[in-house]
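>>> Return atomic coordinates for the entry below.
(chains A and B)
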Amino acid sequence: MSELNLKRHNRRTFLKYAGTGALALTLGSWARGPWVRGQQPFLIGMANPQGTFFFNAAEKALALGIQEINAQGGLLGTPVGLITADSAGRPDQAPLALQDLVGRGAQVLIGEFFSEELIGSLPVIPVLRKLFLGTGASTPAATIRVSQDYNNYKFFFRAGPINSFLILQAAITFAIGFLEKGLGWNAIVLLAEDAAWTQPITGGFPLLLQAAGSNLQVVDTIRYAEDTTDFTSLFKRAVSAMSGKTGGFFTVMAHTGTRPSAQWAAQQVQLPLVGINVQAQDGRFDELTQGASESVVTLTTAARAPVTNKTIPFTDAFAGFTDVHPSVTIPSYNAFSSYDALGLLQAAVESAGVLPTDEASTTAVIGELEKFGAPGADGKLKLFVGTTGNLGFYQKGETTPVAPALLVANGLPPTQDFPHDVRFGTGLAEGIWIQWQGGQQEVIFPPNLATAQFALPPWL
Amino acid sequence: MNARPMRQAIKGLLMCLMLVGLTGSTVLLVQAGSLIRVCASGCDYTSLVDAVAQAQPESTIFVDEGQYAGPVIIAKNLTIIGSDRNKVVIARGVVAAGPFKVTLRNLTLTGGLNGLQAQAPTGLPRPLSPAVSLEGVTITGNALNGIALFDYSIASLCDVLVTKNGLIVQGLPLGGGVALRGNAQIVIGSTLGGEACSQTVVRENGANGISALDKSAVTISPNTVIMKHTLSGLQLGGSARATVQGLVARENGCYGVAVEEDATATILSGRFESNAKAGLHVGGPASTLPGCVTQVDIQANATATVTGSVIAGNRLGILVGDLSKNLDEATVKLTTVNLISNGCDLLVDPVAKKDVTVTGTQWKPCS
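Prediction:
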């Protein structure tokens, strides 16, 4: 997921090796010389943690999107192909996956699910110099790099999700707008896996609630080790802390959601389980938790709801597309974003009139991508209609909705910009909150997209 | 290179005579092709990059003391021999690409993204990968990995030191000693041409000492030490496989040897000592991060057969499975393993199928 602890990194450490970029280019040129090659497809390389639902769902979304593009004649008449590599959920393996994909001929890179993977890949972005559309990891580290060193990091765009500072903003909006004002909650217990990405969220949550004038109290913060096998005592602690209050858990879980969710249901804990629970985006969540999905809430980027006019057609096409991973029928958040990334790429390539096959053409396509999110002559933002919202990117030097206090608390200047991060806000990439009800994912927030009312756990 | 055959022949003969004096056996290494000398002045080339680019296939390049700027891209059968392992330094890495045999001897690789990178040429079939022999080489101070092997490339190591490669960014270790992907192979030998190799040492690199994923293969012979990594000494994931004999894996931050996901390892006569979490880990995902926590939960079945090894002084002797995951299966066969002075000897995660067979081994269970 994300990591907000943005200690300054010495740029020279990376740039010291950037000369090796010449190596990659030279090698590419050499490779084209002595070998006879036939007509090749334009290859898109996807890196995600192999074996996971999130790899499979993203691969399926890309395969579906590529099939649609090829049915229309390809990109500028060139057929598109997809190759994949295992980023393994690790910072040491993710850059190797990107190198591997480029070595195999990928001209555009898409993916990386965990923030640790994206952070690990930062050193190779200036080396590979390939357009890289992030679709899973939310760490702001990459877009801060775009701000600090544009010429070397301009290649990175985050098609989704919103960055982790903005995820916190979205969580605060939900907590106040839905839990406090909608359900009448007056207290929550933060239940967070003890991972780097959750630290600033658990630390910043009470501060931002207070700053927004909320009366919602964080009565306890439970950070549990990721290899916790028995949550009984933690649940008892939470119930005790909530004595006399109205509310429930607010989870902050990405890597470990299944085990605590299963035990929460098995023990019929007297608190609803609401929050960020990435595993609950998995269409198999009910199976993985031995039937514990009912009433679990999580944030995601989209679901089968009219976020835009593309969202429901995509989710239906995804469910019916059996060429790849037929057992995966519900798109994960990174599947939505992968499909959107492909659409953005197609639009930018067609506008630029070139495929991004070398640095000059890649720069031209980058220029077109940057126009999404930039104001047009009429002053309105030019946006791309994706499945997760109307999409555009923040511009260099632009102020974002991230609270300055949050930036300062994370060692950043209060005016820190996030160029190439997808825009956050109503009608843009906003994020939606889904709840498992009767084995289905229903949208409960924002109100204009809701497909169901909030439901308590069956035992409450 | 200038076409002056007589001059080249004389130079080559002189170099051979010089190197006979240095090593006694180097004449055997001179192959067909030219003999080329690189030094600061008065040689065929002052630039190693130029020498490699101009060399005929099968050439041997002798390099005098000095620092030579890379990256050096090798796409032909070639041998590069340094005059002094510590004083012949190739900066910014070596890349071997294509179905060629490359030998690097008696030199240091530093300051690259990867010290040595081996791969098929861009966009071409993966089996068109090189075989690289490293003999008496030090690989240090590279940004990500000491050695990165892609595709079907093969690296053979004899008397190699891989140390202090990798970066730490936001507390995360990037890179490591040796990384293998996509059917790549590494062979750490105990002999070369009938002569014993000195010890190969992989120590104090980023995440893992040797990390193999994606159907890659590791063969380790006795006289190999892997130590002091943030995560594991030898880490196998994906469908990697390993045959390990006489390995010493010690003082690593997580595991001495980790056989994870669908990897398979046959381990004989190893010593896995003083590793922070466990001497041996079998099962679980390979997505290990600092603190030895893991990210993914995937259906997989790891297999390890361990015979005649010593597992001592670790917090846990052997950990089977991952305590935070639900889907990992494992098969472990232990025969005459000495479990000594571990916090406890054997811990098996009860979730998902674990098949553990212990023969001729005394052990104390973990509570």
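
>>> For residue B:218, see how far away the residue nearest to residue B:159 when sequence neighbours are not counted is.
Nearest-residue entry for residue B:159: residue B:198, 4.0 Å, with adjacent residues in sequence omitted and distances by C-beta to C-beta, 6 or more residues apart in numbering or on different chains. C-beta coordinates here come from the backbone N, C-alpha and C atoms, glycine included. Distance, residue B:198 to residue B:218, using C-beta to C-beta, to the nearest Å: 20 Å.

>>> who's more crowded, these two?
More neighbours surround residue B:218 than the other of residue B:198 and residue B:218, with 25 against 12 (other C-beta atoms under 10 Å in any protein chain shown).

>>> so who does that one touch?
B:180, B:185, B:186, B:210, B:212, B:234, B:236, B:240, B:241, B:242, B:243, B:244 (C-beta atoms under 8 Å, 6 or more residues apart in numbering or on different chains).

>>> what about the second one, neighbour count?
Other residues within reach of residue B:185 by the criterion other C-beta under 10 Å amount to 19.

>>> Relative to chain A, how far out is it?
Applying C-beta to the nearest C-beta, to the nearest Å, the value for residue B:185 to chain A is 16 Å.

>>> Return the backbone torsion pair for the closest residue to chain B within the stretch 251-400 of chain A.
Nearest to chain B, among the residues of the stretch 251-400 of chain A, is residue A:255, at 4.9 Å (C-beta to the nearest C-beta). Note on residue A:255: backbone dihedrals following degrees, to the nearest 10 are phi -90, psi -20.

>>> Tell me the confidence at residue B:293?
pLDDT, residue B:293: 84.

>>> Which secondary structure state is assigned to the nearest residue to it once chain neighbours are set aside?
Nearest residue to residue B:293, sequence neighbours excluded (C-beta to C-beta, 6+ apart): residue A:226, at 4.1 Å. With DSSP: H, G, I helix; E, B strand; the rest coil as the basis, residue A:226 sits in coil.

>>> gap between residue A:226 and residue A:118?
19 Å.

>>> Same drill for these two, tell me which one is more crowded.
Under the criterion of other C-beta under 10 Å, the comparison of residue A:226 against residue A:118 puts residue A:118 first, with 29 against 21.

>>> that's a helix at the more buried one, yeah?
Yes - secondary structure of residue A:118 (three-state DSSP): part of a helix.

>>> Determine the three-state secondary structure at the residue lying closest to it once chain neighbours are set aside.
Sequence neighbours aside, residue A:137 is the residue nearest to residue A:118 in space, at 3.8 Å (criterion: C-beta to C-beta, 6+ apart). Under the three-state scheme (three-state DSSP), residue A:137 adopts coil.

>>> ok, residue A:137 - how many residues close by?
Neighbour tally, residue A:137, other C-beta under 10 Å: 28.

>>> Next: residue B:269.
14.

>>> what's the distance between residue A:153 and residue B:142?
The value you get for residue A:153 to residue B:142, if C-beta to C-beta is used, is 21 Å.

>>> Neighbour count: those two, which is higher?
residue B:142 (31 against 22).

>>> Give me the buried entries from the contacts of residue B:218.
B:180, B:185, B:186, B:210, B:212, B:234, B:236, B:240, B:241, B:242, B:244 (16 or more other C-beta atoms under 10 Å in any protein chain shown).

>>> close enough to count as contact, the residue of the stretch 251-400 of chain A closest to chain B and residue B:293?
Yes - the criterion here is C-beta atoms under 8 Å, and residue A:255 meets it with residue B:293 at 7.5 Å.

>>> So between these two, which is more surrounded?
A count of neighbours by other C-beta under 10 Å puts residue A:255 above the other of residue A:255 and residue B:293, at 24 against 19.

>>> Can you report how many residues lie near residue A:368?
Count around residue A:368 with other C-beta under 10 Å applied: 19.

>>> for residue A:71, phi and psi?
phi -70, psi -20.

>>> how close does it get to chain B?
Relative to chain B, and taking C-beta to the nearest C-beta, residue A:71 is found at 25 Å.

>>> try residue A:174
25 Å.

>>> helix, strand or coil for that residue?
Assignment for residue A:174 (three-state DSSP): helix.

>>> Report whether the expected contact of it with residue A:298 is present.
No - under the criterion of C-beta under 8 Å, residue A:174 makes no contact with residue A:298, lying 10.8 Å away.

>>> And the helix or strand that contains residue A:312, what does it pack against?
Using DSSP states H and E, residue A:312 sits in helix A:311-320. Helices and strands touching helix A:311-320, by 3 or more C-beta pairs under 8 Å, 6 or more residues apart in numbering or on different chains; DSSP states H and E, are helix A:53-71, helix A:333-352.

>>> So for residue A:418, which of those helices sits nearest?
helix A:333-352 (16.2 Å; C-beta to C-beta).

>>> Quick check: next helix or strand after that closest one?
In N-to-C order, the element after helix A:333-352 by DSSP H and E is helix A:359-371.

>>> Now go through the buried ones among the contacts of residue B:218 and say which are in strands.
B:180, B:185, B:186, B:210, B:212, B:234, B:236, B:241, B:242, B:244 (DSSP state E).

>>> nearest to residue B:167, of those residues?
Scanning these for proximity to residue B:167, where the rule is C-beta to C-beta, the winner is residue B:210, at 18.1 Å.

>>> Quick check: which of the helices and strands packed on helix A:311-320 is buried the most?
Stretch with highest mean neighbour count among the helices and strands packed on helix A:311-320: helix A:333-352 (a mean of 25; mean count of other C-beta atoms under 10 Å in any protein chain shown).

>>> Please compute how far that helix lies from its chain's middle.
Distance, stretch centre to chain centre, for helix A:333-352: 14 Å (C-alpha atoms, centre = their mean, to the nearest Å).

>>> Residues of the stretch 251-400 of chain A that sit close to chain B?
Residues of the stretch 251-400 of chain A that fall close to chain B, judged by C-beta under 8 Å from any C-beta of the partner chain: A:255, A:256, A:258, A:259, A:288.

>>> Ramachandran angles for the second one?
Residue A:256 has phi and psi values of phi -130, psi 20 when expressed as degrees, to the nearest 10.

>>> Kindly report the same for the third one.
Main-chain dihedrals, residue A:258, degrees, to the nearest 10: phi -70, psi -50.

>>> Counting neighbours, what do you get for it?
Residue A:258: 26 neighbours (other C-beta under 10 Å).

>>> these two touch, right, it and residue B:327?
No - look at residue A:258 against residue B:327 with C-beta under 8 Å: they stay out of range, at 9.4 Å.

>>> okay, now residue A:375: neighbour count?
12.

>>> Just after the helix or strand hosting residue A:238, pick out the following helix or strand.
Secondary structure assignment for residue A:238, by DSSP H and E: helix A:232-241. Under the assignment DSSP H and E, the closest C-terminal helix or strand after helix A:232-241 is strand A:247-253.

>>> pLDDT averaged over that following strand, what's the number?
96.

>>> Neighbouring strands - and their directions - for it?
strand A:187-193 (parallel), strand A:273-277 (parallel) (DSSP bridges).

>>> what's it in contact with?
A:171, A:175, A:179, A:185-193, A:198, A:201-202, A:205, A:216, A:238, A:242, A:257, A:260, A:264, A:271-279, A:298.
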